[in-house]
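Q: give me a model of this one.
(2 chains)
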Amino acid sequence: MKDRPEETSPTGALIRPFLDGGAGAGGQVNAHRSGNANRSGSRTGEPGPAPAPGTPNTSVRPFLVTAGRTASASDFPVETQVVVTSQGGTAAEALTFEYRDIVNLCGEPVAVAEIAARLSLHLGVIRVLVGDLQQQGIVTTYQPESDANDDVEMIMRVIHGLRQLS
Amino acid sequence: MVFDSSAEPGSALPRRPVPVKILVAGGFGVGKTTAVTTISEIAPLTTEAEMTSAALGVDDGSLVPGKTTTTVAMDFGRITIDESIKLYIFGTPGQDRFGFMWADLARGALGALVLVDSRRPDDCFAAVDYFERMGLPFVVAVNQFDGVLAHDLETVRWTLAIDPAVPVIAFDARRFLSVRDAVLLVLEEALVRARSRRSGRAPSGPDPARHGTEPLPRG
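A: Numbers count the residues shown, from 1 in each chain, chains lettered A, B, ... in the order given. Here you go, the predicted structure:
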């Protein structure tokens, strides 16, 4: 396992580790870790939120905009839909930067993950901010059904809709 | 336009948004982002999330000195299914150190597509392990690079040692219909699972020891 060449047949020593007595996977996994870090950019490779001394960091620390709070009242799943309420639209003018950005983005239902991506903010930050806006009645959230996995009708609707696409 | 969501609870909303999601998992460079790009109706988005091992349910992470905190990037896309349902497709960071990421993402997922590069099938072991443990329906899709498979599907199936009921298909992450059909297969697996649960006959989980009785060709 140790010196398994990359190009050899997978019928060689390659079988899932726990089926193979747990031997051997560690080295391979470590080898791939560095690859993944490279792919995801330098921020991914950092050990923690604090940048290395001397490293220029022009971006705002993620949780500065939430005043250090990392726990949201609601731990929204990433696909949770966020939409401005009818009274929330008028409140947007009084809001500060990130809050207003979210309100401006959510005239139509938008997923929490999509807000994070479009505003280039951490998912965790968005969860906190959306939780704030929801508490103030400015946005409403629609979380996925808790029993979506058991919802035969809904899964059939998704299948039907997907089959229409070509 | 402002979406009218101010109605009282219980009143009929014309278009209550219903988000659903599936995951696309697999090792580095196997085509996750390509697949998401191919099927998504929007340019795929990337978000970075700070994840800690606490999300795994491994004790109280905030009190553990060796707590793992990692920033991971995930790509995702969207397909509007009808006036209320939106299907999100999340490409999950592929390596086992990101297992905690999957815990957050996998919550509520209908199923998963595990992408495999048949030249490097071991890259997806962590994903297969995880979805088996979760009991999440999944399909293994072997991505064809340059239109060819380095190894046939049965070889890949053997290597992954997955339950015979798990579909293993050939797949081209660049072709819309190929990705669509793979996603459909995931949903059909989810449907089978949902139906059997409804009828009270939960399907038995895969037996990890099953392959112990099979001949293990060694290289």
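Q: in the chain, which spans are helices?
A: Since you didn't name a chain, this refers to chain A. When secondary structure is read from DSSP state H, chain A shows helices at A:25-40, A:42-45, A:88-91, A:97-105, A:112-119, A:123-135, A:152-163.
Q: chain B, not that one
A: Using DSSP H, the helices assigned to chain B run over residues B:32-39, B:99-106, B:125-134, B:153-160, B:176-198.
Q: distance of B:D181 from chain A?
A: 9 Å (C-beta to the nearest C-beta, to the nearest Å). Yep, even glycine has a C-beta here, placed from its N, CA and C like the rest.
Q: nope, B:F28 is what I meant
A: As judged by C-beta to the nearest C-beta, B:F28 and chain A stand 5 Å apart.
Q: can you get me a residue count around that residue?
A: Residues contacting B:F28 under the criterion other C-beta atoms under 10 Å in any protein chain shown number 20.
Q: repeat for the one 5 residues further on
A: The number of residues packed near B:T33 is 19, by other C-beta under 10 Å.
Q: tell me who's in contact with it.
A: With contacts defined as C-beta atoms under 8 Å, 6 or more residues apart in numbering or on different chains, B:T33 is in contact with B:44, B:75, B:91.
Q: what separation is there between A:R118 and chain B?
A: Separation of A:R118 from chain B (C-beta to the nearest C-beta): 7 Å.
Q: okay, now the unreliable bits of chain B?
A: Confidence mapping of chain B against pLDDT under 70 gives the ranges B:1-14, B:49-71, B:94-101, B:146-147, B:150, B:201-219.
Q: typo on my end, chain A
A: Using pLDDT under 70, the flagged stretches of chain A are A:1-15, A:17-65, A:67-74.
Q: how does it look with 90?
A: A:1-77, A:86-98, A:121-125, A:143-150, A:166 (pLDDT under 90).
Q: where do the domain boundaries of it fall?
A: Domains of chain A are assigned by automatic domain parsing as A:13-58, A:65-142.
Q: just the strands in chain B please.
A: Ranges of strands within chain B are B:18-26, B:45-52, B:69-80, B:85-91, B:111-117, B:138-143, B:168-171, based on DSSP state E.
Q: switch those over to a markdown table; also include distance to chain A and mean neighbour count.
A: What follows is the strands of chain B, written out as a markdown table (distance: least, C-beta to the nearest C-beta, whole Å; neighbours: other C-beta atoms under 10 Å in any protein chain shown):
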| stretch | distance to chain A | mean neighbour count |
| --- | --- | --- |
| strand B:18-26 | 4 | 26 |
| strand B:45-52 | 4 | 21 |
| strand B:69-80 | 4 | 21 |
| strand B:85-91 | 5 | 23 |
| strand B:111-117 | 9 | 27 |
| strand B:138-143 | 11 | 26 |
| strand B:168-171 | 13 | 19 |
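Q: among those, which comes closest to B:A194?
A: Counting by C-beta to C-beta, B:A194 lies closest to strand B:111-117 out of the strands of chain B; the figure is 10.2 Å.
Q: run a quick neighbour tally on B:L177.
A: Neighbour count for B:L177, taken as other C-beta under 10 Å: 12.
Q: leaving out chain neighbours, which residue sits closest to it?
A: A:S166 (6.8 Å; C-beta to C-beta, 6 or more residues apart in numbering or on different chains).
Q: could you do A:M154 as well?
A: In this structure, A:M154 finds its nearest non-sequential neighbour in A:A148, 6.5 Å apart by C-beta to C-beta, 6+ apart.
Q: isn't the one you found up against B:P19?
A: No - the pair A:A148 and B:P19 does not pass the contact test of C-beta atoms under 8 Å, sitting 9.0 Å apart.
Q: B:D163 and A:L165: what is the separation?
A: 29 Å (C-beta to C-beta, to the nearest Å).
Q: let me see the contact set for B:F176.
A: Applying C-beta under 8 Å, 6+ apart, one finds that B:F176 lies in contact with A:166, B:38-39.
Q: could those residues go into JSON lines alongside distance to B:S199 and neighbour count?
A: Formatted as JSON lines, the entries for the contacts of B:F176 read as follows, by distance: C-beta to C-beta, whole Å; neighbours: other C-beta atoms under 10 Å in any protein chain shown:
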{"residue": "A:S166", "distance to B:S199": "33", "neighbour count": "6"}
{"residue": "B:T38", "distance to B:S199": "35", "neighbour count": "19"}
{"residue": "B:I39", "distance to B:S199": "31", "neighbour count": "25"}
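Q: closest one to A:T140 out of those residues, please.
A: The shortest gap between A:T140 and any of these belongs to B:I39, at 28.4 Å (C-beta to C-beta).
Q: isn't that closest one right up against B:I79?
A: Yes - counting by C-beta under 8 Å, B:I39 touches B:I79, with 6.5 Å between them.
Q: what touches both of these two?
A: When contacts are counted by C-beta under 8 Å, 6+ apart, B:I39 and B:I79 have B:I89 as shared neighbours.
Q: list the contacts of B:A190.
A: Applying C-beta under 8 Å, 6+ apart, we find B:A190 in contact with A:149, A:155, B:110-111, B:137.
Q: for B:V72, which non-adjacent residue is closest in space?
A: B:P93 (4.7 Å).
Q: next: B:Y130.
A: Ranked by C-beta to C-beta, 6+ apart and with sequence neighbours excluded, the top spatial neighbour of B:Y130 is B:W102, at 5.6 Å.
Q: residues in contact with that neighbour?
A: Counting by C-beta under 8 Å, 6+ apart, B:W102 has contacts B:23, B:25, B:92, B:127, B:130.
Q: what about the third one, neighbour count?
A: Right, B:T92. By the criterion of other C-beta under 10 Å, B:T92 has 26 neighbours.
Q: perfect, I'm done here.
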